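Q: Sharing a model prediction with you, sequence too.
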Amino acid sequence: MDDKKQKVLILCSGNSARSQMAEGFLRHMAGERFEVMSAGTEPAAEVNSLAVRVMQEAGIDISGQKPKDLSLYLGKTFIHYLIIVCSRANDVCPRVWPGLLTEENRLYWPVDDPAEEEGPEEERLEAFRAARDEIRQKLASWLDNRAT
């Protein structure tokens, strides 16, 4: 771990799709500036295969990432930014995060859960692509506002 990098934790309920995609994007876009982690309030057993697939389409490999429980970080890791990408995680995550600098560093970016999409695989893939693209846009905008 690089102590000079600011730590960003991306939080979701299952840590299987949205937060994993965001972790992959932020690491790709600004890994030299941030130490990027993700976690879930109720982590799944594995990263969703459709999330892996749509990220591969974007040129980013998240196949080696694993879901992690929020308890791995809460109260144990100083976090500079907490980015919450789902409403369920926002509802249960503590409003005061030990070590989080300010309330402005707790960002809430709700993204529809693509894993809830039902139907043919192509429709499910489109939901994952929409979530992926929304996450990429939000991260790009956030990074643009923090340009050094």
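A: Nice, I can see it. Remember, it's a predicted structure, so these values are computed and weren't measured experimentally.
Q: pLDDT below threshold where in this protein?
A: Along the chain, the model assigns pLDDT under 70 to residues 1-3, 94-101, 147-148.
Q: Where is the longest helix in it?
A: The helix that spans the most residues within the chain, counting by DSSP state H, is helix 121-144.
Q: Check the offset of that helix from the chain's centre.
A: Remark: helix 121-144 is offset 11 Å from the chain centroid, using C-alpha atoms, centre = their mean, to the nearest Å.
Q: Pull out the buried residues from stretch 132-148.
A: Using 16 or more other C-beta atoms under 10 Å as the test for burial, stretch 132-148 gives 132, 134, 135, 136, 138, 139, 142, 143. From N, CA and C alone the C-beta is placed, and that goes for glycine too.
Q: Compute the first-to-last residue distance for stretch 105-117.
A: The stretch stretch 105-117 measures 31 Å between its terminal residues, going by C-alpha to C-alpha, to the nearest Å.
Q: Please apply the same query to stretch 108-119.
A: Taking C-alpha to C-alpha, the span from the opening residue of stretch 108-119 to its closing residue is 29 Å.
Q: Tell me who's in contact with the residue nearest the centre of the chain.
A: Nearest to the geometric centre of the chain sits residue 19, at 2.5 Å (C-alpha atoms, centre = their mean). Going by C-beta atoms under 8 Å, 6 or more residues apart in numbering, residue 19 touches 10, 11, 12, 38, 39, 40, 85, 86.
Q: Go through those residues and flag which are in strands.
A: Among the contacts of residue 19, the ones falling in strands (DSSP state E) are 10, 11, 12, 38, 39, 40.
Q: In three-state terms, label residue 82 for me.
A: Recorded secondary structure, residue 82: strand (DSSP: H, G, I helix; E, B strand; the rest coil).
Q: which residue ranges form the helices in this structure?
A: Along the chain, counting by DSSP H, helices occupy 18-30, 49-57, 87-92, 121-144.
Q: And the third one, how far out from the chain middle?
A: I take that to be helix 87-92. 14 Å.
Q: mind listing what's buried in it?
A: Within helix 87-92, the residues that qualify as buried by neighbour count (16+ other C-beta under 10 Å) are 88, 89, 90.
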